[in-house]
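# Generate a structure from the sequence data that follows.
(2 chains)
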Protein chains: 2
Amino acid sequence: MASPDTAPLIELERFLPYRLNALAARVSNALAEIYQDRFGLSIPGWRVIATLGQYGVRTGRDIAAHGVMHKSTVSRAVTSLEERGLVARKANPDDMREELLTLTDAGRAIYEALAPEALAFEMRFVSALSPAERKTFFAILERLDRHARSLHEEPRAEVAE
Amino acid sequence: MASPDTAPLIELERFLPYRLNALAARVSNALAEIYQDRFGLSIPGWRVIATLGQYGVRTGRDIAAHGVMHKSTVSRAVTSLEERGLVARKANPDDMREELLTLTDAGRAIYEALAPEALAFEMRFVSALSPAERKTFFAILERLDRHARSLHEEPRAEVAE
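Next comes the predicted model:
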């Protein structure tokens, strides 16, 4: 076994899971500046709004799986958004244990105010890359994502509670 | 303004901040299988051990900034690791408000047991890419990371408490 004086066993700056997480967190934090101060939304709260804005109606479980978040994280965000009148719940005729979520008119208005700013943020972020590099980067992300799913079929975020 | 019946304003599957976060979370969850069941470590707990394994001595603030985590997340992880005898605190002669953290012998033993498995996991994960693609991907991550820092000089994780 190596002693504490030897070279580090993992150089985190070159360890892909760590690098990916640090970049993803940095980007999320920078994006959050757009909605936290103006609308008091948390990062999971924004993701709930963005998912319902895109899909109209979803369960909390769908939103958690789609964004690879803990169900409990999504559940807390939904409770807070519901208290603020931004998200509404209704019974799910297909599964009585799981409610369907939608944006209220007020929630939709926030989505429509935020979406163009979020897209403008993304444009500023990817402006560091040429169009060809963006395409390459997206293709690699896609491939790694499929590969990560195959390494771990059932996302831990779904089973960790 | 668009009505709820129009096309979604943001397609999350093509929105880079969302894609990056989903991939990063999926990879973290898959990696976590290695250390959660065997050593009962949380994701932040593993990151604290990996950072101290690499750097020897660090403050909680350093670890949070390095991994772009909330200080409170790191603080909770450190408390749990200390209770388990894996991390030790000592006074910081340069700043009495901030303690220095190190791995205990037991913490170091866990790091040395986990590091080769974490590296083997990374190898399996990046095996989806050719060596040239890995190089391209790392170079793009590096560039985006620098760019994200310039978009948001002070990481929100450091100021959000």
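# Say whether chain B is contacted by the helix or strand encompassing A:Leu31.
For A:Leu31, the host element (DSSP states H and E) is helix A:16-39. Yes - contact of helix A:16-39 with chain B is found when judged by Cβ under 8 Å from any Cβ of the partner chain, involving A:16-33, A:36. (C-beta placed from N, C-alpha, C; glycine too.)
# before we move on, what about stretch A:130-150?
Yes - using Cβ under 8 Å from any Cβ, stretch A:130-150 reaches chain B at A:133, A:136-138, A:140-141, A:143-149.
# among those, which two are most distant?
A:Glu133 and A:Arg149 (24.5 Å; Cβ to Cβ).
# circling back to that earlier point, list only those of the residues of helix A:16-39 next to chain B flagged as buried.
Using 16 or more other Cβ atoms under 10 Å in any protein chain shown as the burial test, the residues of helix A:16-39 next to chain B include A:16-32, A:36 as buried.
# List the residues that contact the residue nearest the centre of chain A.
Central residue of chain A (Cα atoms, centre = their mean): A:Gly67, 4.4 Å from the mean position. Neighbouring residues of A:Gly67 by Cβ atoms under 8 Å, 6 or more residues apart in numbering or on different chains: A:47, A:51, A:74, B:12, B:18, B:21-22, B:25.
# any idea how far it is from A:Ala148?
14 Å (Cβ to Cβ, to the nearest Å).
# Do you know the pLDDT at A:Tyr8?
Let me fix one detail, which is that residue A:8 is Pro and not Tyr. On pLDDT, A:Pro8 comes in at 70.
# Using the three-state scheme, assign it.
Under the three-state scheme (DSSP: H, G, I helix; E, B strand; the rest coil), A:Pro8 adopts coil.
# OK, contacts around it?
The contact partners of A:Pro8, by Cβ under 8 Å, 6+ apart, come to B:53-55.
# Kindly reformat those as JSON lines and extend each row with distance to chain A, secondary structure and pLDDT.
Compiled in JSON lines, those are given as follows (distance: Cβ to the nearest Cβ, whole Å; DSSP: H, G, I helix; E, B strand; the rest coil; pLDDT from 0 to 100):
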{"residue": "B:Gly53", "distance to chain A": "6", "secondary structure": "helix", "pLDDT": "96"}
{"residue": "B:Gln54", "distance to chain A": "4", "secondary structure": "helix", "pLDDT": "96"}
{"residue": "B:Tyr55", "distance to chain A": "8", "secondary structure": "helix", "pLDDT": "95"}
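# got a winner among those for most neighbours?
Within those, most neighbours by other Cβ atoms under 10 Å in any protein chain shown means B:Gly53, with 22 neighbours.
# Cool, thanks, signing off.
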